[in-house]
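Student: Here you go, sequence then predicted model.
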Amino acid sequence: MKYSVIVITFLMFCSGLMARTKLVTMPQREYTRIDLKNPSQTIVEEERTVNLQQGTNQVEYAFSGVSVDMASIQFRPIKTPGTVRVINVNYPPGETALFWEVYSEKAGPGVFRISYLISNLQRSTAYEAVVAKDEKTLTLKAHTMVQNNSGETFAAAEILSAIGKPYNGGLLQGESKKVQAFVANDVKFTKKFFFDAGRSDQVALVYEIKNEKSTGLPELMLPAGKARVYQEDSQGSEAFLGEDWTHETGAGQKLELRLGQAKEVKVTRSIVKRKEEIVKLPIKNHHQTIRFQIENFKDAPVALTLVEHPGGEWAIDDIVTKEESGERDELAEKSFSTDVKTERIDLDNVKFHLKVPANGREKKKLNVYVKLVLKNRW
């Protein structure tokens, strides 16, 4: 601890009097480990060698200006000259210090491990994705960001983050560090497009990566964090595509990187038909036909997800897809076969997944008609 001193008192009684107190400056840490795996608590473990006298020793552990939970401090013998027992611990009122009474069978150096919970060691996770020019794979880098505002200086420590290998180095008071957790090359991903009229009238571009070894990820629990996405260009440099805050992603789950507006796909939502059905006044069912008009300006089909928020009790009567061509008075629709998969998320939300053909360049549109029943509405 900062400004800490260990005071060892060899308790001997001679003619009814206590022997003189022996003061020893606290030895340097021989090993320090900072565990950041728990998102809300940080545990520090350190090892120090203390010279013990035979009999009962009193060990004082004092600190100043350090954010330590005193009740969490543990003192355990690791390697000792003989039998060693920690008899009790005392907390002086109004002081940032505590005292252990330690019995040692023999005199000599003893290695002790001290562990405690410390506050104000903030950590976060940052991701950087670089997409290949062909948009088939990407390189994903993960970093742990650590900021030390605890009041303690760690000259050397092993830092364990939630992901990646341990980092060995110093962490000074007030210092921030960016520690690389892992680099995953040639990661397979799926480029998708999302449209949610409840959030925006624009189509969002999403890179979807399944967190498993088959795609190239280490299949670890990936903490939530900020992700910045770049793409390789023909000049050999990297163009910035956008950034997103990711959710915690477990093994087997999907990591989504949302990059804002997509210019290649356009969706327009409208309600083209309404009808009321009286159940028992004042309760009614509302029949709606929602049209999603979709244009894909890319030269290849794209995966698109449409999001709807009906809320309450609802059902889908039918989904019809048609191709629209022509302009103004010459508009024409004809049946178009494409598979639309419905994913009921919960009571209030539903998703529709489909493949959209390349139609925008040919002045054609794909119209998806969703016939929805909103039940028992007032």
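Tutor: In hand now; what should we look at? Numbers count the residues shown, from 1 in each chain.

Student: give me the beta-bridge partners of Pro111?
Tutor: Careful, residue 111 is Val and not Pro. Thr49, Lys79 (DSSP bridges).

Student: My guess is it contacts Thr80. True?
Tutor: Yes: using Cβ atoms under 8 Å, Val111 is in contact with Thr80, at 7.3 Å. Quick note: C-beta positions are derived from backbone N, CA and C, even for glycine.

Student: what's the neighbour count on the residue nearest to Arg199 when sequence neighbours are not counted?
Tutor: Leaving out its chain neighbours, the residue that sits closest to Arg199 by Cβ to Cβ, 6 or more residues apart in numbering is Val307, at 7.9 Å. For Val307, the neighbour count with other Cβ atoms under 10 Å is 17.

Student: Pairing partners for the helix or strand harbouring Val307, with directions?
Tutor: In this structure, Val307 sits in strand 302-308 according to DSSP states H and E. Strand pairing for strand 302-308, determined by DSSP bridges: strand 190-196 (parallel), strand 350-356 (antiparallel).

Student: To Tyr230, which of the ones you listed lies closest?
Tutor: Minimum separation from Tyr230 across those (Cβ to Cβ) falls at strand 190-196, 15.0 Å.

Student: next helix or strand past the closest one?
Tutor: For strand 190-196, the succeeding helix or strand toward the C-terminus, using DSSP H and E, is strand 204-210.

Student: So what touches the strand holding Val307?
Tutor: Strand 302-308 is contacted by residues 190-199, 203, 264-265, 267, 290, 292, 294, 296, 349-356, 368, 370, 372 when judged by Cβ atoms under 8 Å, 6 or more residues apart in numbering.

Student: Just the buried ones among these, please.
Tutor: 191-197, 203, 264-265, 267, 290, 292, 294, 296, 350, 352, 354, 356, 368, 370, 372 (16 or more other Cβ atoms under 10 Å).

Student: related to what we said a few turns ago, from Val130, how far off is the residue nearest to Arg199?
Tutor: Note on Val307: its distance to Val130, by Cβ to Cβ, to the nearest Å, is 29 Å.

Student: From one end of stretch 172-180 to the other, what's the distance?
Tutor: For stretch 172-180, the first-to-last residue distance is 18 Å (Cα to Cα, to the nearest Å).

Student: Columns mean pLDDT on top of the strands paired with strand 302-308, output as CSV?
Tutor: Formatted as CSV, these follow (pLDDT from 0 to 100):
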stretch, mean pLDDT
strand 190-196, 94
strand 350-356, 96
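
Student: Tell me the first helix or strand C-terminal of the longest strand anywhere in the chain.
Tutor: The longest strand of the chain (DSSP state E) is strand 265-280. Following strand 265-280 in sequence order, the next helix or strand is strand 283-296 (DSSP H and E).

Student: report the angle between the axes of that following strand and strand 350-356?
Tutor: Here strand 283-296 runs at an angle of 30 degrees relative to strand 350-356 (axes from the mean of the first three to the mean of the last three Cα atoms, to 10 degrees).

Student: quick one: strand 283-296 to chain centroid distance?
Tutor: Here the centre of strand 283-296 is set off from its chain's centre by 36 Å, with Cα atoms, centre = their mean, to the nearest Å.

Student: Mind giving me the packing neighbours of that strand?
Tutor: With contacts taken as 3 or more Cβ pairs under 8 Å, 6 or more residues apart in numbering; DSSP states H and E, strand 283-296 sits against strand 265-280, strand 302-308, strand 350-356, strand 365-377.

Student: show me where pLDDT drops low in the stretch 151-300 of the chain?
Tutor: Along the stretch 151-300 of the chain, segments meeting pLDDT under 70 are nowhere present.

Student: hmm, back to that, neighbour-wise, which of Val111 and Thr80 wins?
Tutor: Ranked by neighbour count (other Cβ under 10 Å), Val111 and Thr80 place Thr80 first, with 19 against 15.

Student: For Ala107, see how far away the more buried one is.
Tutor: Distance from Thr80 to Ala107, by Cβ to Cβ: 11 Å.

Student: between those two, what contacts are shared?
Tutor: Joint contacts of Thr80 and Ala107 (Cβ under 8 Å, 6+ apart) are Leu52.

Student: ok, now which ones touch Glu323?
Tutor: Applying Cβ under 8 Å, 6+ apart to Glu323 gives the contacts 333-336, 359, 364-367.

Student: Quick check: closest non-adjacent residue to it.
Tutor: Nearest residue to Glu323 in three dimensions, chain neighbours excluded: Phe336, at 3.9 Å (Cβ to Cβ, 6+ apart).

Student: Distance of the one you found relative to Leu257?
Tutor: In terms of Cβ to Cβ, Phe336 sits 31 Å off from Leu257.

Student: Which other helices and strands does the helix or strand harbouring Thr144 contact?
Tutor: Secondary structure assignment for Thr144, by DSSP H and E: strand 137-148. Packing contacts for strand 137-148, counted by 3+ Cβ pairs under 8 Å, 6+ apart, involve strand 121-131, strand 167-171, strand 176-188, strand 204-210.

Student: Now render the ones you listed as a markdown table, adding mean neighbour count.
Tutor: Formatted as a markdown table, the helices and strands packed on strand 137-148 follow (neighbours: other Cβ atoms under 10 Å):
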| stretch | mean neighbour count |
| --- | --- |
| strand 121-131 | 19 |
| strand 167-171 | 16 |
| strand 176-188 | 15 |
| strand 204-210 | 21 |
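
Student: List just the one of these that sits closest to Lys226.
Tutor: For Lys226, the closest of the helices and strands packed on strand 137-148 is strand 121-131, at 5.4 Å, according to Cβ to Cβ.

Student: Ala162 contacts Ser40, doesn't it?
Tutor: No: at 11.8 Å, Ala162 does not count as touching Ser40 under the criterion of Cβ under 8 Å.
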